[in-house]
Every structure is written in C-alpha cells, then in structure tokens.
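Asker: what follows is a predicted structure for the sequence shown.
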Amino acid sequence: MSVDTATVAKIASLARIKVTEADLEAMVPELNGILAWVEQLGEVDVTGVEPMTAVIPNTLRLREDVVNADPLTGGDVRDKVLANAPAPEHGFFGVPKVIE
C-alpha cells in the first residue's frame, strides 16, 4: 500500500492538522516508509509464539486482609458508627428512595 499527496491531505484534514503543500510532499515518502515497515512486520512467522499483555511478567503484590484491632483506627466499630445514623437498617445506613 502506498499513499499520495491527496491521501496525506485527507488524513491531515481528518486529524484537523494544518499542513502546507511543502510539508505534504515531504510526508508522502515518510508515510510510505512507515507503511512498508508495517507490511514487513506482517511477514514475520509468529507460529508458536504466545500472545503477551506485557513485556515483563507482572504479578500483584497482595497483603493479608486483616481487621485492625485498634479501637481508634481499626475496624469492627459498625455498631458505634450506626449509632449516629438517623435510620440504620440491617447493619447499614438507611437512605431515602431516590428512584420511583
């Protein structure tokens, strides 16, 4: 596949980029070179190569999920929190219905 000046002008118009005539002429061989390189990549034999999502293997560092026993900064204070709620329901904050 190759592009000409009209194609480069159309691409610039679609991208809303103002390009002069001199720049259009200079971009034609550059875009043709890029397209030739992409076509060359299509010729590479990749049979037996597993698809990757990243170049290096990534694993999440997980921490143990524990409740902090400190009464000031820890968890397990639901009853104290719900004591301030105007309408607690089943261990949660009760809120007015929004959607009819």
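Answerer: Good, I have the coordinates. None of the values given here were measured: they were computed from a predicted structure. Numbers count the residues shown, from 1 in each chain.
Asker: only C-alpha atoms for contact and neighbour calcs from this point on.
Answerer: Noted.
Asker: quick one: buried residues of stretch 25-38?
Answerer: Residues of stretch 25-38 classed as buried: 25, 27-28 (neighbour count, 16 or more other Cα atoms under 10 Å).
Asker: out of these, list just those in helices.
Answerer: With DSSP state H as the criterion, helices contain 25, 27-28 from among these.
Asker: of those residues, which is the nearest to residue 99?
Answerer: Closest approach to residue 99 among these (Cα to Cα): residue 27, at 56.1 Å.
Asker: ok, that closest one - contacts?
Answerer: By Cα atoms under 8 Å, 6 or more residues apart in numbering, the contact set of residue 27 is residue 8.
Asker: what's the pLDDT at residue 81?
Answerer: Residue 81 is assigned 84 on the pLDDT scale.
Asker: quick one: it from residue 94, how far?
Answerer: Distance of residue 81 to residue 94, given as Cα to Cα, to the nearest Å: 13 Å.
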